[in-house]
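# have a look; sequence and predicted model below, questions after that.
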Amino acid sequence: QVQLVESGGGSVQPGESLRLSCRVSGQVLGISRMAWYRQAPGQRDLVAGISSEVAGIRSASSTDYADSVKGRFIISRDGVTAYLQMNSLKPEDTGVYYCNLITIIGSQNFWGQGTQVTVSS
């Protein structure tokens, strides 16, 4: 059974930093994409994503970000763990952050349990 375990959330003041982690456990049929979403009323908005691209023997990754976090957040991945480095945090970054995984085989979609981030003075 595939599980995504998130950690690193907390309460900080504006301008401070946090680093979220998302570790994948269980048998995964290849990782195509991992991403972080923030829960808003009635929807989950994409914060950042990192996608794997394989062409023959070459592989590369690409990242994408919501406009609101460009230049402040950095998404990365090391094996089965994805990270979200959040710098210069603002009160509007507050929310529950969810990790998402899409597999290569079958495009299976998995979600973590969420981790709370609160930015307040």
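Arrived safely, thanks for sending.

# how about residue 44, what does it touch?
37, 38, 98 (Cβ atoms under 8 Å, 6 or more residues apart in numbering). C-beta here means a position set from N, CA and C on the backbone, and glycine is covered the same way.

# okay if I get the residues you listed as CSV plus secondary structure, pLDDT and neighbour count?
Formatted as CSV, the contacts of residue 44 follow (DSSP: H, G, I helix; E, B strand; the rest coil; pLDDT from 0 to 100; neighbours: other Cβ atoms under 10 Å):
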residue, secondary structure, pLDDT, neighbour count
37, strand, 98, 22
38, strand, 97, 22
98, strand, 97, 20
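
# longest strand of this protein?
What stands out as the longest strand in the chain, according to DSSP state E, is strand 43-55.

# coming back round to it: looking at the contacts of residue 44, spot the one nearest residue 119.
Taking Cβ to Cβ as the measure, residue 119 lies nearest residue 38 of the contacts of residue 44, at 11.7 Å.

# for the nearest residue to that closest one once chain neighbours are set aside, give me its contacts.
The shortest distance from residue 38 to any non-neighbouring residue, by Cβ to Cβ, 6 or more residues apart in numbering, is to residue 95 (4.3 Å). Contacts were defined as Cβ under 8 Å, 6+ apart; by that measure residue 95 touches 38, 39, 40, 116, 117.

# how about these in a markdown table, adding distance to residue 17 and secondary structure?
Converted to a markdown table, the contacts of residue 95 look like this (distance: Cβ to Cβ, whole Å; DSSP: H, G, I helix; E, B strand; the rest coil):
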| residue | distance to residue 17 | secondary structure |
| --- | --- | --- |
| 38 | 16 | strand |
| 39 | 21 | strand |
| 40 | 22 | strand |
| 116 | 16 | strand |
| 117 | 11 | strand |
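
# farthest pair within those residues?
Checking those with Cβ to Cβ, the most distant pair is 40 and 116, at 13.9 Å.

# what are the ranges of the strands in the protein?
3-7, 10-12, 18-25, 31-40, 43-55, 58-65, 73-78, 81-86, 95-103, 109-111, 115-119.

# okay, and the helix or strand of the protein with the least pLDDT?
strand 58-65 (a mean of 87; mean pLDDT, DSSP states H and E).
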